[in-house]
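>>> kindly generate the corresponding structure for this input.
(chains A, B, C and D)
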Amino acid sequence: MDEKTVTVQDTNPMDTETLEVNFGPQHPSTHGVFRMNIVLDGETIVSVKPVMGYLHRNHEQIAENLTYAAVMPYTDRLDYFNSMANNFGYALAVEKLARIEVPERAQYIRVIMAELTRLVNHVSVIGFLLNDLGAFFTPVLYAFREREKILDIFEAISGSRMMCNYFRFGGVKRDVSDADLEQIRKIVQKFPAFLDEFEALLTKNEILCMRCQNVGVLPPDLAVNASITGPVLRASGVNYDIRKVDRYSIYERFSFRIPLGDKGDVYDRYYVRILEMRESVKILEQALKGIRPGEFIHPKSTSFLKLPRNFKPPVGEAYGRVESPKGELGYYLVSDGTPQPWRYHVRSPSLINLTVLEDLCVGHKVADAIIILGSIDIILGELDR
Amino acid sequence: MNISEIKSKIESALPGVSVKIVSQSLLVEKPGNLTRVVRYLKDSPEFRMDYLASVTGADYLDYLESVYHLYSMAKKTGPIVLRVRVRRDEPKIPSLARIYRGAEFQEREAYDLFGILYENHPDLRRLFLWEGFEGFPLRKDYLQEDSEILEAEDIQWLEEHGIPIPEDIRKQAHELKQQGLRALAQKPTKESGV
Amino acid sequence: MAFAKNISAIDQGIKNELAQKGIVIATLNDLYNWGRRSSLWPMQFGLACCAIEMIATACARYDIARFGAELFRPSPRQADFMIISGTVTKKMAPLLVRLYNQMPEPKYVLTMGACAISGGPFIDGYNVLRGIDRYIPVDVHLPGCPPRPEALLYGLIQLQKKIDSQEIEKCEWYQKGLKRVYPVPEYGPHGLIPKYNPEVWRPRQEELRKQRYGQPILTGKKTKAPHLDVVTTAPSS
Amino acid sequence: MIFGSGIIRGMFVTLKNFATSYFRKPDEGGLFTVEYPEKRIPLKERFRSFPFLVYDGTPENLRCTACDICARECPPKCIYVVRAADQDGRPLRRPAAFTIDYSVCMNCGMCEEVCPFDSIFMDHEFEIASQDRYRELVYTLTKLLKSNEYFNNIRPRDAQAVDKKRREAEEKKKLAAAQAAKPKLDEPPKPV
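A predicted model of the protein is given here:
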């Protein structure tokens, strides 16, 4: 008998060899071209290694070679579900850098657009999460029906369904007509009824509860330490919302609450998003009531909108951040006094929220990895940039 | 809190550490001191900077820089911006990934695109590009390839796979190889108006 | 195939006249193409922004099922055509070529959006492939960034027209010597090796963008770094 | 609650949606599908697809002066303008060639925003597809030119605003010209 032979007592007959499974980039449940290398023991996950870069399209390099205004349409393509929120963050950063003021009406329009975007994002994310759970397409159909209605508004106001390119430094591109505002009011009025219906379909569904509760629990201290932001963080019970903390734009004028989860599992992440949509509806109602006629862009900034090449912010740096539907979306800009930024960096919530993917998945079954990924809510355009 | 107050607090709490104010941010003069400063900011009850929002690199031609944005989730304050400068030929900065998990991917990204070596990082590999990619594309001196001119290695690959190669392409690649050049993207001419 | 040949010779006018009287004459060719055109199964595979519009096309409002193309197959082995919906990066391109190779004949490729056609807005990126037609042949190019869902349906109709124009006797996938499997490019130190497959694509002399701008990335042009140290009044947050 | 009641409630939601889709309006939960090639969703006025060039009256009378601003500000650099020249080689205020590569264009509308001569605007045409991207997706001057009437047709509000602006500018110009032509007798000569 040589040394390598093991006796029967040493091994548990149920132990199997671990198996490495490649998951993606072409996989219907990875929300794009994300790839995971999962090591499995039986069906239990031992480790998860995310592999990214399949959509790394050099956003930062391209932006460093463009004028400040020309970067705006590129930010649309970062997180292509909520282009308005991306525009918002970039506009804030540049306004901080060049010290541009924004008139009141523009602020209202911005907030309305950002919150509509949040509705679009959350409703679609929930649809996709259910898709991953196996409820194939019905929730997505309902979600996209609502999304289409909001996209019609975006199209009427900005000119494009997805790639709005609507925000400008010091305001927005065009004014919103009263007819459009009326249309938004109509949608906002009907949205809670849709949410009730959506919840009747999903929230108390036993299969959803069994699949989601106690799966992928994220403890709050780990969430903070790993720089998790957005609904994922709040589902773990940490009260941190940049709309409240930074009070950027005019969010301090609106009364809204921040929904928090108590367990931090997939179900909490789902439910926090539902509640956030209800709060967004509240903000929208207040904003639609408060909006007054006025300037939609600062008169000083119209001059450099006609000639983007003449817009040269002073030497310096700025970090502007917004609460995008995915989390903290930050833009770090360094100006060297020329029309192009010297350094342009996007702090993307999708990428950083993925840090804890392995911690959440280990110990669960392989089917749970998919819903955990779905509940973190990644968008590859922003993750890889 | 004022930026100079933060500076004096850090310097008095950590003897031997010197920080400099650079446009509303704190430059940690010796990269080796970074972990001490960050630990102090994280642990001291006055700051409680428990949330590392953003880590990024930047290329300033003479040196490389790593910029950190710290916030406090507990006290809802911030940001404190820290920066570290290193020489281009020896870009070594201590990693914060063991203090803040959130730095893990961001430092990998900065390594991938700028080539900043984060020492003591648990898993410092390229994040977006593949292993075997040469150069760091966000550095200001990176020149990307000309995507339309085939080079010798392309010709070799095509031959191995039995793909017929037109004679002019083969000739062009051969000439490039003889001159010892690579097909790089040209710098834009002034005329192009960029 | 004599049967098919004879009927396909029937004049279109006579066919229409008969159809009005309730008699439908179909050639084998028509039947074959009708079957293929009305059940095009796309590959379920989204790359970037355009994929969202692709999903929107599959949803209630545009309803791609009306064209028989709602069955998105996650496996290339079951797919008839591939919608390349989004930016193809250099890291992704080898996988795409491999997926194309795995599709059974007859196979079609529809590039959706500017990025897939030419690199689009990201054409200057170091990791962006300037058009998937460098490695695999493309049947329909559909510009737009992103194209509206209606535009995708329009592209699908164009593809159906193309299928209708093919003839069963002449179609290449029943003939000998058909090679529509292309070698998969490899990752190199600066990009992909090879940069393009000369069998499929050749650089165009008349390409205006290259003539005009070269490669408009400024790398190496800025030679003076900003000195943030001298700034004293940076905006506070 | 009985186990399974949540699922049954969900089933009722789908049943309700299925049933009501037959007799409700589309935006109230009714049948939502638009059967595209036959029926179309009316395009919004501001919808933008690809740029085109406006001419007044005849195609020779185009507004573009080949100033190259749109080409320089275009983020993906897909516009290529060549300025026309007369026999002596002096540049003229019109393009000899104006090319837009639709296969690169990102529909951002930047060219429309920066154009100082109200010449380039975003079209509503989105049904463009072809097999040969070099021949059919690269639009040259003849394909790009569209009349002001067409522009008024697709985007009445914007077109009317532009027309009004142009008319006013014209009148101002005429007035200034008339003023310059009139000899200024009343003014005393300025001391040198």
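>>> for the residue of chain B found nearest chain A, give its distance to A:Lys49.
Chain A sits closest to B:Gly102 of chain B, with a gap of 2.5 Å, by Cβ to the nearest Cβ. (Each C-beta comes from the backbone N, C-alpha and C, glycine too.) Distance, B:Gly102 to A:Lys49, using Cβ to Cβ, to the nearest Å: 18 Å.
>>> and what of B:Pro31?
29 Å.
>>> more neighbours, these two?
Ranked by neighbour count (other Cβ atoms under 10 Å in any protein chain shown), B:Pro31 and A:Lys49 place B:Pro31 first, with 17 against 14.
>>> residues contacting that one?
B:84-86, B:92-94 (Cβ atoms under 8 Å, 6 or more residues apart in numbering or on different chains).
>>> overlap between those and the residues near chain C?
For chain C, no contacts are drawn from the contacts of B:Pro31 by Cβ under 8 Å from any Cβ of the partner chain.
>>> tell me which of those residues is nearest to chain C?
Of all the contacts of B:Pro31, chain C sits closest to B:Arg85, with 10.6 Å by Cβ to the nearest Cβ.
>>> pull out the buried positions in the helix or strand A:Thr117 falls within.
Per DSSP states H and E: A:Thr117 is located in helix A:104-133. Buried residues in helix A:104-133, counted by 16 or more other Cβ atoms under 10 Å in any protein chain shown: A:105-133.
>>> tell me the centre residue of chain D?
With distances taken as Cα atoms, centre = their mean, the residue of chain D nearest its centroid is D:Met122 (1.6 Å).
>>> bridge partners for that one, pull those for me.
Beta-bridge pairing for D:Met122 (DSSP bridges): D:Pro51.
>>> against A:Ser348, how distant is it?
Distance from D:Met122 to A:Ser348, counting by Cβ to Cβ: 29 Å.
>>> B:Lys76: neighbour count?
B:Lys76, neighbours per other Cβ under 10 Å, totals 13.
>>> now it. Nearest residue, chain neighbours left out?
Spatial nearest neighbour of B:Lys76, excluding adjacent residues (Cβ to Cβ, 6 or more residues apart in numbering or on different chains): A:Val245 at 5.0 Å.
>>> helix or strand for A:Met36, which one?
strand A:35-41.
>>> buried ones in that strand?
The neighbour-count check on strand A:35-41 (16+ other Cβ under 10 Å) flags A:35-36, A:38, A:40 as buried.
>>> please enumerate the helices of the stretch 101-250 of chain A.
Taking DSSP state H, counting those that start in this stretch as the test, the helices found in the stretch 101-250 of chain A are A:104-133, A:138-158, A:178-202, A:206-212, A:220-225, A:231-235, A:242-245.
>>> the helix or strand just after the shortest one and chain D in contact?
Spelled out, that is helix A:242-245. Downstream of helix A:242-245, the next assigned helix or strand under DSSP H and E is helix A:266-290. No: figure legend: helix A:266-290 not in contact with chain D (Cβ under 8 Å from any Cβ); closest approach 12.8 Å.
>>> list the buried residues of helix A:266-290.
Quick answer for helix A:266-290 (16+ other Cβ under 10 Å): A:266-288.
>>> between helix A:104-133 and that helix, find me the angle.
160 degrees (axes from the mean of the first three to the mean of the last three Cα atoms, to 10 degrees).
>>> please name every helix or strand in contact with the lengthiest helix in chain C.
Under DSSP state H, the helix in chain C containing the largest number of residues is helix C:149-164. Using 3 or more Cβ pairs under 8 Å, 6 or more residues apart in numbering or on different chains; DSSP states H and E, the elements in contact with helix C:149-164 are helix C:28-37, helix C:49-58, strand C:108-112, strand C:140-142.
>>> could you tell me the least trusted of the ones you listed?
Lowest mean pLDDT of these: helix C:28-37, a mean of 83.
>>> what distance separates it from the centre of its chain?
22 Å (Cα atoms, centre = their mean, to the nearest Å).
>>> list the buried residues for that helix?
Residues of helix C:28-37 classed as buried by neighbour count (16+ other Cβ under 10 Å): C:29-30, C:32-33, C:36-37.
>>> out of the residues you listed, which is nearest to chain D?
Looking across those and measuring by Cβ to the nearest Cβ, the closest to chain D is C:Arg37, at 14.1 Å.
>>> what about the closest one, distance to C:Tyr62?
The value you get for C:Arg37 to C:Tyr62, if Cβ to Cβ is used, is 18 Å.
>>> same check on A:Lys263?
39 Å.
>>> point out where chain D drops to low pLDDT.
Applying pLDDT under 70 to chain D flags residues D:1, D:27, D:29, D:183-192.
>>> what about the longest strand in it?
Determined from DSSP state E, the single longest strand within chain D is strand D:91-101.
>>> tell me which strands and helices that strand is in contact with?
helix C:208-213, strand D:79-85, strand D:138-139, helix D:141-144.
>>> how about 6 Å then?
Other elements packing on strand D:91-101 under the criterion 3 or more Cβ pairs under 6 Å, 6 or more residues apart in numbering or on different chains; DSSP states H and E are strand D:79-85.
>>> near chain A at all, the strand it packs on?
No: using Cβ under 6 Å from any Cβ of the partner chain, strand D:79-85 never reaches chain A; the gap is at least 12.9 Å.
>>> list the buried ones in that strand?
D:79-81, D:83.
>>> again, but for stretch C:67-77
Across stretch C:67-77, burial judged by 16+ other Cβ under 10 Å covers C:67-73, C:76.
>>> ok, it near chain A or not?
Yes: using Cβ under 6 Å from any Cβ, stretch C:67-77 reaches chain A at C:Pro74.
>>> quick one: name the residues of chain D near chain C.
Counting by Cβ under 6 Å from any Cβ, the residues of chain D close to chain C are D:32-33, D:36, D:76-77, D:80, D:99, D:102-104, D:106-107, D:126-130, D:133-134, D:137.
>>> tell me the two of the buried residues of stretch C:67-77 that are most distant?
Distances among these were taken as Cβ to Cβ; the most separated pair is C:Phe67 and C:Pro76, at 20.3 Å.
>>> with just CA atoms, put stretch A:182-201 into PDB.
Listed next in PDB are the C-alpha coordinates belonging to stretch A:182-201 (Å, rounded to 0.1, in the frame of the first residue of the first chain):
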ATOM      1  CA  GLU A 182     -49.900  67.100 -17.200                       C
ATOM      2  CA  GLN A 183     -48.900  63.800 -18.700                       C
ATOM      3  CA  ILE A 184     -46.400  63.200 -15.900                       C
ATOM      4  CA  ARG A 185     -49.100  64.000 -13.300                       C
ATOM      5  CA  LYS A 186     -51.300  61.400 -14.900                       C
ATOM      6  CA  ILE A 187     -48.700  58.800 -14.700                       C
ATOM      7  CA  VAL A 188     -47.700  59.700 -11.100                       C
ATOM      8  CA  GLN A 189     -51.400  59.500 -10.100                       C
ATOM      9  CA  LYS A 190     -51.800  56.100 -11.600                       C
ATOM     10  CA  PHE A 191     -48.500  54.700 -10.400                       C
ATOM     11  CA  PRO A 192     -49.500  53.700  -6.900                       C
ATOM     12  CA  ALA A 193     -52.400  51.600  -8.300                       C
ATOM     13  CA  PHE A 194     -49.900  49.800 -10.500                       C
ATOM     14  CA  LEU A 195     -47.600  49.200  -7.500                       C
ATOM     15  CA  ASP A 196     -50.500  47.800  -5.500                       C
ATOM     16  CA  GLU A 197     -51.200  45.400  -8.400                       C
ATOM     17  CA  PHE A 198     -47.600  44.500  -8.800                       C
ATOM     18  CA  GLU A 199     -47.400  43.800  -5.100                       C
ATOM     19  CA  ALA A 200     -50.500  41.700  -5.200                       C
ATOM     20  CA  LEU A 201     -48.800  39.700  -7.900                       C
END
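>>> residues touching it, excluding its own?
A:146, A:149, A:153, A:281, A:284, A:288, D:9-10, D:13 (Cβ atoms under 6 Å, 6 or more residues apart in numbering or on different chains).
>>> give me the mean pLDDT for stretch B:145-160.
The pLDDT scores in stretch B:145-160 average 84.
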